[in-house]
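Undergrad: Requesting a structural model of the entry that follows:
(one chain, ligands or ions: 2)
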Amino acid sequence: CEKIAPYTLEINKLKKEKDAVILAHSYTNPEIMYGVADTIGDSYALSMEASRVKAKTIIFAGVWFMAETAKIINPSKNIYIPAGHAGCTLADSMTGEDLSKFKEKYPGVPVICYINSSADVKAYSDVCVTSANVYDIAAKMPGDKLIFVPDVLMADNLQAELKRRGVRKEIVSTGGSCCVHDKYTEQDVEHLRSEYPGIKVMIHPEARIEICRLCDYVGGTGGMLKYVAESKDKTLGLLTEVGLVNRLEHDNPDKKFIWNKGTCAYMKRNTLLNTLSALQNPSSAQTVVVEENICNRASECIEKMFKMTD
Ligand code: 13P
Ligand code: SF4
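TA: Residues are numbered from 1 along each chain as shown. Ligands and ions are numbered 1, 2, ... in the order given. From the prediction side, this is the model:
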């Protein structure tokens, strides 16, 4: 605490002086979430918040595609990412050109992109989704086939959920997977269940469908927070990124969370030190810039998500 207090005090002072706000994803370090952030959220909440920001500058403690999304929906703001060009294995798994080639195989089929994608991929997509709205938006799309990129594992979960809801649509997908959630195995679930009999286990839909099927709740970070708040259980198992465990522990001091593994090295690149540098000397941080034509097309795809989310 003694070590971080001078940084948090200075960051909070500079934010006011420089007319800046800090948006932080729930996977960032707790000292960022609880020491300096103005808003903590999942990808959907942060993109909504970014569209409403009035301050001149947004410091985005997250990964590149999140800061890029903020720039697309609020282009007049200065946006800096303390972590530099912090990638994401999903967003980095394909380019707009890859998507354009894939689309040629399925003429006229609508394209949904997960928000964990580059501006370029968004520019070639009809609508963007997050873990918070993927099923509802996919169900509302026209036609009997959908292209879903770039998360091939979430595509399987989406296909299964649409079937469960009685929606007849075939999902075709290409891209990659999340290096954190793709690592969960059957043994991870078994381990939690054998150590804590009767425990409810939560997992993110970026994990493989075989593992998700073994769990009690499958949902994004916002969904998990809600599930925990509504649960009467005092001990819950989590197969997701450790930042969310920190957040759940902070918000639910009466509950115990058993976490197995999962750390996103990209998110953890945001530190108090580089957040302070971004405020003191913005040129030391990565400035988010999106080429105008891509920005305009990607913006339509994100705005459509806002319109289609109830
Ligand atoms: P959420 O939208 O659920 O926060 O997911 C973001 C993410 O990167 C999960 O790995
Ligand atoms: Fe990307 Fe996975 Fe990290 Fe989320 S946890 S930012 S999907 S690499």
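Undergrad: pLDDT score assigned to the residue lying closest to Ser51 once chain neighbours are set aside?
TA: Closest residue in space to Ser51, ignoring its immediate chain neighbours: Ile73 at 4.5 Å, by CB to CB, 6 or more residues apart in numbering. C-beta coordinates here come from the backbone N, C-alpha and C atoms, glycine included. Here the pLDDT value assigned to Ile73 is 97.
Undergrad: quick one: Ile73 and Ser299 touch, right?
TA: Yes: with contact defined as CB atoms under 8 Å, Ile73 reaches Ser299; the gap is 6.3 Å.
Undergrad: got the end-to-end distance for stretch 194-212?
TA: End-to-end distance for stretch 194-212: 17 Å, by CA to CA, to the nearest Å.
Undergrad: What's the separation between the closest residue to Asp233 other than its chain neighbours and ligand 1?
TA: Leaving aside its chain neighbours, Asp233 sits nearest to Lys200 (5.5 Å; criterion: CB to CB, 6+ apart). Distance of Lys200 to ligand 1, given as CB to the nearest ligand atom, to the nearest Å: 18 Å.
Undergrad: right, and Lys200 touches Leu236 too?
TA: Yes: using CB under 8 Å, Lys200 makes contact with Leu236 at a distance of 5.4 Å.
Undergrad: Tell me which of the two has more neighbours.
TA: Neighbours around Lys200 and Leu236, counted as other CB atoms under 10 Å, are more numerous at Leu236. The numbers are 24 against 17.
Undergrad: Just the mean pLDDT for the host helix or strand of that one, thanks.
TA: Assigned by DSSP states H and E, Leu236 falls within strand 235-239. Averaging pLDDT along strand 235-239 gives 97.
Undergrad: what about this structure, any weak spots by pLDDT?
TA: 1-2 (pLDDT under 70).
Undergrad: of all the residues in it, which ones are close to ligand 1?
TA: Proximity of the chain to ligand 1, by CB under 6 Å from any ligand atom, involves residues Asp42, Ser43, Asn116, Thr130, Ser131, Cys178, His204, Glu206, Gly220, Thr221.
Undergrad: so, if you compare these, which one comes nearest to Pro82?
TA: Ser43 (17.8 Å; CB to CB).
Undergrad: check contacts around the residue of the stretch 201-310 of the chain found nearest ligand 2.
TA: Closest contact between the stretch 201-310 of the chain and ligand 2, by CB to the nearest ligand atom, is at Cys264 (3.4 Å). Contacts here follow CB atoms under 8 Å, 6 or more residues apart in numbering; on that basis Cys264 touches Tyr27, Val63, Cys179, Val180, Glu241, Gly243.
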